[in-house]
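Q: structure here, sequence nowhere to be found:
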């Protein structure tokens, strides 16, 4: 439809982008977790979100705070979804947002208003995805989200990890977790955080 409009009416690509984002801004306030329980609606909504995140991360980061926060909450809901395609799209979307911030500091206005944005993302990613028993269907997507979050603010990330680690009753398991995260937050590892290639995936 958009391609047809562009060719027939001479609409420029920037206008098409604005049209898509206008539609997104109308949809976001309506998309409650209750509505996202409908599989077809949920799948199509996250397909749209995935496209927007992949193609226009800078415009997503520039959304008004309330809309951005609503979109972020949708991604955090989606990343632990039972449908692995929804989970992967959500994790990739989260990764796109944080990598865009690492490259352009695009989220500074939102962080001034709410400094714990990354804390919330890290805490929920670790608790609801990484620390769950069954994550084999989204391991790479989770890793590609985790590394940029660690790089975005390493001190706050370390504090979140420490908070979650302190709740683990088994001291040996807690020690292994602390060692693993200390390796993750080394500067040479975090420097690859914005890489989408082999080095980023490997880390």
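A: On my side now, so go ahead. Source: prediction; values computed, not measured. Numbering: from 1, shown residues only.

Q: from the middle of its chain, how far away would stretch 149-160 be?
A: 15 Å (C-alpha atoms, centre = their mean, to the nearest Å).

Q: report the buried residues of that stretch.
A: 149-153, 156-158, 160 (16 or more other C-beta atoms under 10 Å). No exception for glycine: its C-beta is placed from N, CA and C like everyone else's.

Q: swap in stretch 73-92?
A: Using 16+ other C-beta under 10 Å as the test for burial, stretch 73-92 gives 74-81, 86-92.

Q: and the helices in this structure, which stretches?
A: 2-9, 13-27, 39-55, 57-61, 65-78, 84-104, 108-113, 117-125, 139-152, 154-165, 171-184, 187-190, 198-202 (DSSP state H).

Q: which of these has the lowest average pLDDT?
A: In terms of average pLDDT, helix 2-9 trails the rest of those, at a mean of 48.

Q: and residue 99, how far is that from residue 163?
A: Counting by C-beta to C-beta, to the nearest Å, the gap from residue 99 to residue 163 is 24 Å.

Q: the two: who's more crowded?
A: Counted by other C-beta atoms under 10 Å, residue 99 and residue 163 do not tie: residue 99 has more neighbours, with 24 against 13.

Q: and the furthest pair within the buried residues of stretch 149-160?
A: Greatest spatial distance among the buried residues of stretch 149-160 (C-beta to C-beta): 151 and 160, at 13.7 Å.

Q: how about the spatially most central residue of the chain, what does it touch?
A: In the chain, the residue lying closest to the centroid (C-alpha atoms, centre = their mean) is residue 94, at 1.0 Å. When contacts are counted by C-beta atoms under 8 Å, 6 or more residues apart in numbering, residue 94 touches 72, 75-76, 79, 121, 125, 145, 149.

Q: nearest to residue 41, of these?
A: Of all the contacts of residue 94, residue 75 has the smallest distance to residue 41: 16.3 Å, by C-beta to C-beta.

Q: touching, that closest one and residue 88? I think so.
A: No - Residue 75 lies out of contact with residue 88 (C-beta atoms under 8 Å); the separation is 11.4 Å.

Q: sweet, I'm off.
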